Every structure is written in structure tokens, then in C-alpha cells.
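Q: What would the 3D arrangement of this be:
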Amino acid sequence: MGEYDLTLGTLLMGIIFNTYLFGLVTFQFATYYRTKFNDPPAIKYMVAFLFTLDVVHSVAVIWMAWDYCITNYGKPESLGVALWPYTFTPIATGLASFVTQVFLGWRIYRFTNNKILYGMIIGVALSSCVVGMTCGIKAWIIKFSAELVVLQKLVTAWLVMQVGVDLFVTGTLGMILARSKTGFQKTDTVLNRLIRGAIQTGLFAGIFSLGDLVTFLRWPETNFYGMFAIPIGRIYTNTLLDTLITRTELRTHLHGTIDMDFMSPGPSRLQWARTPNDSTTQGPTSIQLGEISVKKEISVFGEESDITHMDLKRASVSESA
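A: Down below sits the predicted model:
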């Protein structure tokens, strides 16, 4: 293993991956504003805040890489000083995680109308954010990488709370959406997409947060943990923007004819009435079904006029000989 593998090498890996994620976030941000969703101002301000935060942090860590690799080339002692973009990372991550967790908690509240549950999510998310920002401020004051080991207990508390909220929100959303399935293929496809999004939100952020925690506790004298810590904020923004911009696709999928063939398995299947020009005959039997009215609320929050409340329209279904 080379002399700088666990210091400069791992740090550069984190910055490169963060830059890749920032490119995705930039594309998502442009897509969101180009689509012109009819979202309330709070949602638009939230998106603008997260993107601004990502711009500042991503540009700053690129400058940090330049300083370590170019400006201080051949000066290994410079790696012992944590530059301000590095110590700003817990602050940026804490803010991004708080905004995302509160937004997803609001989705849970809209599903359940449980104010106590929503209050608990906000409380723990806020505590995690405050502890994360405290870690960043203390690291900013300390400056020297070798002395950051004194923050182990504080970092552990921060990341454990952050991962805990992510897992709780992911599990709760997944369970609620799974119970909301209707039997219609189109509706259930949308619900499966929402479940996948909820799992992705908690899974990727949780993996990187745990990686950050384990490497910081195991190798505090290196920059190994930076490989996991730096991209976490972009992961939160990426998953939140994905939740918002996929609403158009989900709405398009829900609009159109309901295929009753996929409601449930069985020997008899419901079909739409044939037109008079249909020459196919199946025998003398005739089945007349009255109006079927199916209503299912699906919450994809942010745009009230989008698919916050979807009503699968009434359908007259008949089959005649």
C-alpha cells in the first residue's frame, strides 16, 4: 500500500464520486424547474436551498483537492491540516439530511395524519442535524486531522441518529405503501415505484453514513472516512429530487384505461365491452356488470394538482354475446 493511499487517495475517491453525484443533482435540478411543477413555495425554496448547498460544498471540496494535490504538491505535512471544506462537510450533511428527513416525514404524516409520529421524526432529525453541525464547528476549530479523534463520541451519536431516522422513515413509508395496494396493475406499479424510492432513500444514505462511522472509528488518523462522508449530502438531495421529478412519469402511467385483467387471478376475467364491429362471438351467455367505482388515494407529495389524490374513474364494464 502506498504512502498516501489512506490519506490523499481515499479523499480523492470521495471527491470524484461526489462530483459525479453533483452532476446528477444538477441535471435533476434543471429538470425540476424546466417541468414547472405547480408546487407550493416551500417546496421550491427547499429545492433551491439544497441545490445551493450542494453547489457550495461540491465546488469547495474540488478546490480542496486542488490545494492538496497541486498547491501543496510534495508537502505531505499539508495533509495533516483539515481545510475548511472538509470540516464544513458535517454541517452540509446535517442540513441536507434534516431537510430530506422532514420532507419524507411530512409524507408519512399525510398518509397517517399522526402528528405525534411526525413530531418524533422532526425531533430526532433536528437533534441529528444539531449534533452534526456541532461536529463540523468543533472540527473547524481543531483544524488538525490527528486531533479530530476527540470527536469520536460526538460523531458516533450524530451518525447513529441519522441512520436511525433514515431506517425508520424508510421502513414506515414502505409498510404504508405496501398496505395501500389496490389489485390494479397500474396503481400497484406506481406504489411499487414509490416503495423502491423510499428504500433507496434510506439504503444509500445509510450505507455511506455507516461507512463514514466505521472508518472514522477504525482509522481516525487517515482520511478514509472522507471517502464516505463527502458524498452523503448529494445522496440526500439526489433521492429527494428523484421523488419530486418522477411524479410526471407516475401520473402519466396512472392516466388511461384500467386493465381489469390484472386485478386478481381466477378462471373468469373482466374485459371492456366489444364494439359493434367486433365479429368475435363466444356463445349465448351474457354478463352485465354494473358500474364499478374504485377510489384510491396515492400521495406523491409536493404538487397538489398532480397525483396527490388520484381517483381511478368510474368504469362501466360489460361483456355480451
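
Q: Now D212. Nearest residue, chain neighbours left out?
A: Take D212 and drop its neighbours on the chain: the residue closest to it by Cβ to Cβ, 6 or more residues apart in numbering is F228, 4.0 Å away. Just so you know, the C-beta spots here come from the backbone N, C-alpha and C atoms, and that holds for glycine as well.

Q: Pull up the per-residue confidence for W66.
A: The score at W66 is 96. That number is its pLDDT.

Q: Can you point out the buried residues in whichever helix or strand it is part of?
A: W66 is part of helix 41-66 when elements are defined by DSSP states H and E. Using 16 or more other Cβ atoms under 10 Å as the test for burial, helix 41-66 gives 43, 46-47, 50-51, 53-54, 57-58, 60-62, 64-65.

Q: Does T243 touch R193 like I think?
A: No: T243 is not in contact with R193 according to Cβ atoms under 8 Å; the separation is 10.2 Å.

Q: higher neighbour count, these two?
A: T243 (21 against 16; other Cβ atoms under 10 Å).

Q: Thought F204 was touching I235, still the case?
A: Yes: with contact defined as Cβ under 8 Å, I235 reaches F204; the gap is 5.2 Å.

Q: Common neighbours of the two, please.
A: Here I235 and F204 have no joint contacts, going by Cβ atoms under 8 Å, 6 or more residues apart in numbering.

Q: And these two? Which one has more around it.
A: I235 (26 against 17).

Q: Show me how far the helix or strand hosting that one is from its chain's centre.
A: Take DSSP H and E as the rule and I235 turns out to sit in helix 232-245. Averaging C-alpha positions (Cα atoms, centre = their mean, to the nearest Å) puts helix 232-245 5 Å from its chain's average.

Q: Of all the residues in that helix, which ones are buried?
A: Of the residues in helix 232-245, those buried (16+ other Cβ under 10 Å) are 232-241, 243-245.

Q: who does that helix touch, helix- and strand-wise?
A: Using 3 or more Cβ pairs under 8 Å, 6 or more residues apart in numbering; DSSP states H and E, the elements in contact with helix 232-245 are helix 10-35, helix 41-66, helix 84-112, helix 185-218.

Q: could those helices go into CSV alongside distance to K153?
A: Output for the helices and strands packed on helix 232-245, formatted as CSV (distance: least, Cβ to Cβ, whole Å):
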stretch, distance to K153
helix 10-35, 23
helix 41-66, 25
helix 84-112, 14
helix 185-218, 10
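
Q: Need the winner for burial among those helices.
A: helix 84-112 (a mean of 22; mean count of other Cβ atoms under 10 Å).

Q: The helix or strand just after that one: how far from the chain's middle?
A: Using DSSP H and E, the next helix or strand after helix 84-112 towards the C-terminus is helix 115-142. The gap between where helix 115-142 is centred and where its chain is centred comes out at 18 Å by Cα atoms, centre = their mean.

Q: Could you do stretch 157-171 as well?
A: 13 Å.

Q: Repeat that for stretch 27-43.
A: On Cα atoms, centre = their mean, the centre of stretch 27-43 falls 16 Å from that of its chain.

Q: distance between the ends of that stretch?
A: Length of stretch 27-43, first residue to last, Cα to Cα, to the nearest Å: 18 Å.

Q: pLDDT on that stretch, on average?
A: 91.

Q: So which bits of whichever strand or helix holds T156 are buried?
A: Here T156 sits within helix 152-179, counting by DSSP H and E. Buried residues in helix 152-179, counted by 16+ other Cβ under 10 Å: 154-155, 157-159, 161-163, 165-166, 168-170, 172-174, 176-177.

Q: For that helix, the averaged confidence score.
A: Rounded mean pLDDT across helix 152-179 is 90.

Q: what's that helix packed up against?
A: Using 3+ Cβ pairs under 8 Å, 6+ apart, helix 152-179 sits against helix 84-112, helix 115-142, helix 185-218.
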